[in-house]
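> Just to be clear, the model below is a prediction. Sequence and coordinates:
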Amino acid sequence: MPSVHQASISALNVARCRAIAAHETRDDIRGHDTLAEVFLDEPARQSLKNPAIHPVILKKLTEVSPGGYEYFIARTAYLDDIVEQALIDHMPQLVFLGAGYDTRACRFRHLLDVTTVFELDEPTTQTHKRGLLDQANIQSPAQLVYVPIDFTHDDLLDRLTESGYAPDKQTLFIWEGVTYYLPPRTVEEVLHFIRSNSPVGSQVCFDYMLPASQLEGRFGAMQSRAAMQAMYTEEPLLFDLDEALITDFLAEHGFELIEHVSAEEMQERYLTLEDGTSAGQILDLFRLALAQVIE
């Protein structure tokens with residue numbers, strides 16, 4: 001997990017990729033997170049407005065993590081779809097576990113209506129995020145509740161219930177870009193919390209990393225994993241999972257797998273251009289999963 005003294009560098013880099021995607025020159029894959037750029041410094045924001053610089057930025061991103069930019073485009077779009085549908089269906093509660101610089105509560109404020117949104121994150125990152133939103137005059141919706149937490153030490157139920165969370169209401173949990181920075185025991189404890197403190201039918205959507213022993217030959221995987229280890233020294237990689245075990249892993253914790261999305265499927269779904277060609281090859285290091293509480 002991030003240092004308590006420093007905002008999450010990994011979360012900021014994700015926001016950077018989302019901001020770049022929102023200025024994509026290719027209409028078919030342009031991202032919708034037009035608020036992400038408020039978390040960048042002024043030179044970075046200005047560079048986004050120059051189309052001539054865009055190829056240079058993408059080249060640098062690819063050198064560090066081949067297919068990583070494409071992965072963030074796909075992951076953001078997938079989770080946007082999940083969140084938007086939940087809000088259209090009037091989901092009573094939406095919980096972001098490790099929200100980072102997520103902007104969905106603001107971007108989908110017109111759909112919130114009856115939904116209460118809880119953003120949980122490490123206090124330093126959350127404070128930094130809120131400060132930048134304030135500087136940009138972006139007001140958080142009234143339905144959004146910020147919940148500072150240390151996932152490795154604080155009691156998740158205590159922190160949520162004192163913030164107004166109701167365990168008897170249907171809830172969608174978004175767990176984006178977090179599991180691989182948590183100890184395996186903590187991952188299991190979070191799943192246990194969701195199963196024990198939300199009704200049957202509540203859902204969790206998350207991504208996870210494949211084991212290091214299975215990365216050889218996968219596009220960009222070994223290089224990107226090494227880059228993450230080198231860049232995020234305060235956020236070590238602690239959890240991974242064999243994709244062949246995902247169904248059983250979730251079942252053991254009281255969940256049914258609804259959808260499991262591979263890198264190939266992400267690429268086809270979110271990177272296919274109008275002419276049928278692909279906008280790029282996606283990083284084959286992560287998987288997306290949507291599951292629901294069944295017991």
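Noted; the coordinates are in hand. Treat the numbers as computed from the prediction; the structure is a model and nothing was measured. Numbering: from 1, shown residues only.

> buried stuff in stretch 31-48?
G31, H32, D33, L35, A36, E37, V38, F39, L40, S47, L48 (16 or more other CB atoms under 10 Å). C-betas here are computed from N, CA, C, even on glycine.

> so how far is that stretch from its chain's centroid?
Centre-to-centre, stretch 31-48 and its host chain are 18 Å apart (CA atoms, centre = their mean, to the nearest Å).

> Using PDB, write out every CA atom in that stretch.
Extracted in PDB, the C-alpha atoms of stretch 31-48 (Å, rounded to 0.1, in the frame of the first residue of the first chain):
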ATOM      1  CA  GLY A  31     -11.500   8.200 -23.200                       C
ATOM      2  CA  HIS A  32     -14.300   9.900 -21.300                       C
ATOM      3  CA  ASP A  33     -12.500  11.000 -18.100                       C
ATOM      4  CA  THR A  34     -12.200  14.600 -19.000                       C
ATOM      5  CA  LEU A  35     -11.600  15.500 -15.300                       C
ATOM      6  CA  ALA A  36      -8.500  13.400 -14.900                       C
ATOM      7  CA  GLU A  37      -6.200  16.200 -16.100                       C
ATOM      8  CA  VAL A  38      -6.900  18.400 -13.000                       C
ATOM      9  CA  PHE A  39      -4.600  16.000 -11.100                       C
ATOM     10  CA  LEU A  40      -1.700  16.900 -13.400                       C
ATOM     11  CA  ASP A  41       0.700  19.800 -13.100                       C
ATOM     12  CA  GLU A  42       0.300  22.700 -15.500                       C
ATOM     13  CA  PRO A  43       3.000  21.700 -18.100                       C
ATOM     14  CA  ALA A  44       1.500  18.300 -18.300                       C
ATOM     15  CA  ARG A  45      -2.000  19.700 -18.800                       C
ATOM     16  CA  GLN A  46      -0.800  22.100 -21.500                       C
ATOM     17  CA  SER A  47       1.000  19.300 -23.400                       C
ATOM     18  CA  LEU A  48      -2.300  17.400 -23.700                       C
END
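
> Can you pick out the ones from the buried residues of stretch 31-48 that are in helices?
Among these, the members found in helices (DSSP state H) are S47, L48.

> and the buried residues of stretch 31-48, which two are the farthest apart?
Using CB to CB, the two most remote members of these are H32 and S47, lying 20.0 Å apart.

> Could you report the neighbour count for D27?
Using other CB atoms under 10 Å, D27 is surrounded by 8 other residues.

> and it, backbone torsions?
Main-chain torsions, D27, degrees, to the nearest 10: phi -60, psi -40.

> Now do the same for it: its pLDDT.
What the model reports as pLDDT for D27 is 93.

> And the one 5 residues further on, by the same measure?
pLDDT for H32: 96.

> Quick one: residues contacting A291.
Q203, V204, C205, L250, F255, E256, L257, I258 (CB atoms under 8 Å, 6 or more residues apart in numbering).

> Can you tell me which of those residues are buried?
Counted by 16+ other CB under 10 Å, those give Q203, V204, C205, L250, F255 as buried.

> Name the nearest of these relative to P66.
When the buried ones among the contacts of A291 are compared for distance to P66 (CB to CB), C205 comes out closest, at 25.3 Å.

> Can I take it that the closest one is in a strand?
Yes - assignment of C205 by DSSP: H, G, I helix; E, B strand; the rest coil places it within a strand.
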